[in-house]
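1. structure, please.
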Amino acid sequence: MAIRRGRGVAAINYPTGMNLGGDPTQALVHSTPTGNFMVTLSSVDLGQGMKQIMAQICAETIGVPTDRVVVDTADTDTGPHCMGTFASRGTHRAGNAVIQAAREARQVMLEVAAEELEVNASDLETDGQGNILVKGAPQRSISIFDVALSAHFKRGRSISGRGMFLIPRSYPEKETGAMKP
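-> This is a model prediction of the structure:
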């Protein structure tokens with residue numbers, strides 16, 4: 001067999017959580033009629049504890065105990081879009097998408113609670129234990145369980161939110177060539 005010398009060009013794409021755009025992760029958050037919350041992701045837990053982390057992120061953002069949040073990563077056909085769980089992107093990308101989705105769901109939850117308590121949604125806060133309180137008047141409160149029941153059966157609303165995280169595209173500075181990820 002003869003040895004032939006030549007030149008070649010090769011390229012590789014190694015996607016991580018910091019690839020400068022084009023790599024979105026999405027999340028869905030919705031409440032059940034009993035006031036528990038479901039986080040739906042297509043990012044898969046590979047043993048790094050991502051399901052627990054996403055439950056904690058969602059619970060803290062909404063203002064409920066962590067045991068009131070279930071994370072579903074079972075089906076990439078019906079779950080929101082994700083490029084995959086690999087390298088440094090799992091918690092970073094999915095976590096930011098969950099924060100956005102949970103904020104949206106929290107806003108709907110507070111709007112329904114405001115209707116029930118006859119106050120403005122901006123006058124409400126959560127106690128982290130499953131209750132929504134009127135700021136400055138904690139005796140005026142409603143449980144998230146009752147808010148979820150009201151939303152689903154009385155008002156015909158869905159306490160839900162969608163989130164998407166995508167790092168904005170970055171370009172090199174003309175003078176120095178430096179980039180900010």
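
2. okay, CA-based contacts and neighbour counts for the rest of this
-> OK.

3. all helices of this protein, in order?
-> 50-62, 89, 95-117, 144-149 (DSSP state H).

4. these: lowest mean pLDDT?
-> Per-stretch mean pLDDT for those is lowest at helix 89 (a mean of 74).

5. gap between that one and the chain center?
-> Remark: helix 89 is offset 14 Å from the chain centroid, using C-alpha atoms, centre = their mean, to the nearest Å.

6. show me what contacts residue 37?
-> Residues near residue 37 by C-alpha atoms under 8 Å, 6 or more residues apart in numbering: 29-31, 68-70.

7. mind doing that once more with 6 Å?
-> 30-31, 69 (C-alpha atoms under 6 Å, 6 or more residues apart in numbering).

8. could I get those as CSV with neighbour count, distance to residue 156 and pLDDT?
-> Shown next, in CSV, are the contacts of residue 37 (neighbours: other C-alpha atoms under 10 Å; distance: C-alpha to C-alpha, whole Å; pLDDT from 0 to 100):
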residue, neighbour count, distance to residue 156, pLDDT
30, 22, 14, 97
31, 25, 13, 97
69, 24, 22, 98
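
9. out of those, flag the one nearest to residue 137.
-> For the contacts of residue 37, the residue nearest residue 137 by C-alpha to C-alpha is residue 31; the value is 25.8 Å.

10. need the pLDDT of the closest residue to the closest one other than its chain neighbours.
-> Closest residue to residue 31 apart from its sequence neighbours, by C-alpha to C-alpha, 6 or more residues apart in numbering: residue 37 at 4.3 Å. Listed pLDDT for residue 37 reads 98.

11. quick one on the thing from earlier: nearest to residue 171 among the contacts of residue 37?
-> residue 30 (36.6 Å).

12. doesn't residue 160 make contact with residue 29?
-> Yes: the criterion here is C-alpha atoms under 6 Å, and residue 29 meets it with residue 160 at 5.4 Å.

13. who's more crowded, these two?
-> Neighbours were counted for residue 29 and for residue 160 using other C-alpha atoms under 10 Å; residue 29 has more, 28 against 22.

14. how about the closest residue to the more buried one other than its chain neighbours, what does it touch?
-> Of all residues not flanking residue 29 in the chain, residue 39 sits nearest, at 4.6 Å (C-alpha to C-alpha, 6+ apart). Applying C-alpha under 6 Å, 6+ apart, we find residue 39 in contact with 28-29, 71.
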